[in-house]
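**Student:** please find the sequence and the predicted model below.
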Amino acid sequence: MSVVTETALASRSKKGRIIDWLVTFPYIVIFFAILVLFHPFHLLAACFGRKCHKHALDLMNLCIIWNIRVTTGARYRVIGKPTLPPGRPVVMVSNHQSMYDIPMMMWECRSREVGFIAKRELGRGIPSISLALRRLGSVLIDRKDATQAVEAIERFGRMKDEANEVAAIFPEGTRAKDGVMKKFKQTGLKALLRSMPHAIVQPVAIRGNWELLRYSFLPIPYGTSIELEFLAPVEPEGRHIDELSSEIEQRIVEAVGVA
């Protein structure tokens, strides 16, 4: 590589870092302002019922997505449409790259209320988000207590199955901060699938979302590319649970690996 080429690449890299830092401050200010300012609206909306509270959450999720797109120049693309048949329970299974996976999935699936399996620590201390997790059909589990976690997932699944609602799970158990998908923790996924025998399964593949937080907010990279892909649904009826869970994982692995 010539000296001129190396100099040009270094210049572009330096320029990229400058842009990253320039967008970081407005992005962070707007993001946390959204969470704080929406919190009283969530409290007020909750007084008028679950449906009203969900509408407030949908609007907040939209604001979070637009903050990402406008302030960081992110390219956000949705491939396919979620399969959410009315009057039937749904299990959504996705890889996990960022905390932004949740608002993006919820916004694209806003025709239904989506409940998530989340770690217990998220249930307190985060404006708007902790309240929504506690009151809008999600379940908080203790990841350090495997027995309690599985029992909570099974109760959550039975509740969603009986109410014909949507349950979402990230079977990796934690975020793939480098974009490399982790092996699914099959115990939790199988527990949810077993407890929702009437549900159709909607696999989801997320690509590029990890880049937003690759430096833990300092800085926020400019111009990332994020893709949310809803894969073909899986009909679980008559399928062995081991075969079903393995197929779901493999399909997501293959989709996440597509550039």
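**Tutor:** On my side now, so go ahead.

**Student:** now do the buried residues in stretch 190-210.
**Tutor:** For stretch 190-210, burial by neighbour count (16 or more other C-beta atoms under 10 Å) applies to 190-193, 195-196, 199-210. Every residue, glycine included, has its C-beta placed from N, CA and C.

**Student:** which of these fall in helices?
**Tutor:** 190-193, 195 (DSSP state H).

**Student:** pretty sure T174 sits against H96.
**Tutor:** Yes: under the criterion of C-beta atoms under 8 Å, T174 makes contact with H96 at 7.0 Å.

**Student:** between those two, point out the one with more neighbours.
**Tutor:** H96 (21 against 11; other C-beta atoms under 10 Å).

**Student:** which residue packs closest to the more buried one, ignoring adjacent ones?
**Tutor:** Spatial nearest neighbour of H96, chain neighbours left out: F170 (3.7 Å); criterion: C-beta to C-beta, 6 or more residues apart in numbering.

**Student:** next one: I153
**Tutor:** Nearest one to I153, counting by C-beta to C-beta, 6+ apart, is A191 at 4.6 Å.

**Student:** what's the distance between that neighbour and I241?
**Tutor:** A191 is 10 Å from I241, where distance means C-beta to C-beta, to the nearest Å.

**Student:** same check, this time on G223
**Tutor:** Distance from G223 to I241, by C-beta to C-beta: 42 Å.

**Student:** does G157 touch E165 like I think?
**Tutor:** No: assessed by C-beta under 8 Å, G157 is found out of contact with E165, at 10.2 Å.

**Student:** look at these two and report which has more neighbours.
**Tutor:** Comparing G157 with E165 by other C-beta under 10 Å, the one with more neighbours is G157, at 25 against 19.

**Student:** for the strand or helix carrying the more buried one, buried residues please.
**Tutor:** Counting by DSSP states H and E, the element that carries G157 is helix 146-163. Buried residues in helix 146-163, counting neighbours by 16+ other C-beta under 10 Å, are found at 149-150, 152-154, 156-157, 159-161.

**Student:** ok, then the element right after that helix?
**Tutor:** Downstream of helix 146-163, the first helix or strand assigned by DSSP H and E is strand 166-169.

**Student:** picking that back up, looking at it, the residue nearest to H96 is touching D101, isn't it?
**Tutor:** Yes: counting by C-beta under 8 Å, D101 is a contact partner of F170 at 7.3 Å.

**Student:** quick one on the thing from earlier: got TSV for the ones in helices among the buried residues of stretch 190-210, with pLDDT and distance to L62 too?
**Tutor:** As requested, these are exported to TSV (pLDDT from 0 to 100; distance: C-beta to C-beta, whole Å):
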residue	pLDDT	distance to L62
K190	95	34
A191	96	32
L192	96	28
L193	96	31
S195	96	31
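
**Student:** what's the farthest-apart pair in the residues you listed?
**Tutor:** The span of these, defined through C-beta to C-beta, is set by K190 and S195 at 9.5 Å.
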